[in-house]
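Trainee: sequence and predicted structure below; questions after.
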Amino acid sequence: MDDEIAILKLLRNCLESVGWRVSGFTSPRQALAVFRDAPDEFTAIISDQTMPGMGGSELIGVLHELRPHLPAILCTGYSDGLDAATAQQQGIRRLLLKPVDSDELLAALDQAVAEEASP
């Protein structure tokens, strides 16, 4: 989830290159609508924080109301008063600062999904 199409394409390519199936959205409202229709089809969410209409942490909060343990990673170019501890309190597994390194993103995603799968 990123409102910038170029960044969304880069994320999609990065994730698909290692076998992830990606649903990419530039609108938080569109992402939410699709998620509501099939919440169990999603393994995790990666979202930008600063987007028009609804911030990434707000989107993740709504998604967690529908599926509480969905692994979530939030990317931001600046903190917006959000630090790692606050993000964790909101159910966000990792807070990554932009520009996000692809290896860091993949490692964070693998770790978040593995943590959710562990009993």
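Mentor: Received, thanks.
Trainee: what is the least confident helix or strand in the chain?
Mentor: helix 84-89 (a mean of 88; mean pLDDT, DSSP states H and E).
Trainee: does anything pack onto it? Which helices or strands?
Mentor: Applying 3 or more CB pairs under 8 Å, 6 or more residues apart in numbering; DSSP states H and E, one finds that helix 84-89 makes contact with strand 94-97. The way it works is simple: take the backbone N, C-alpha and C, and place the C-beta from them, glycine included.
Trainee: hmm, back to that, flag every buried residue along the least confident helix or strand of the chain.
Mentor: Ala87 (16 or more other CB atoms under 10 Å).
Trainee: so Ala108 is in contact with Leu95, correct?
Mentor: No - in this structure, Ala108 is not within contact of Leu95 by CB atoms under 8 Å, at 9.4 Å.
Trainee: got any residues that touch both of those two?
Mentor: Ile73 (CB atoms under 8 Å, 6 or more residues apart in numbering).
Trainee: quick check: phi and psi at the residue nearest the centre of the chain.
Mentor: With distances taken as CA atoms, centre = their mean, the residue of the chain nearest its centroid is Ile46 (1.6 Å). Dihedral pair for Ile46: phi -120, psi 120, per degrees, to the nearest 10.
Trainee: so what pairs up with it in the strands?
Mentor: Beta bridges link Ile46 to Ile73, judged by DSSP bridges.
Trainee: could you pull up the residues touching it?
Mentor: Residues near Ile46 by CB under 8 Å, 6+ apart: Met1, Leu11, Ala72, Ile73, Leu74, Cys75, Leu105, Leu109.
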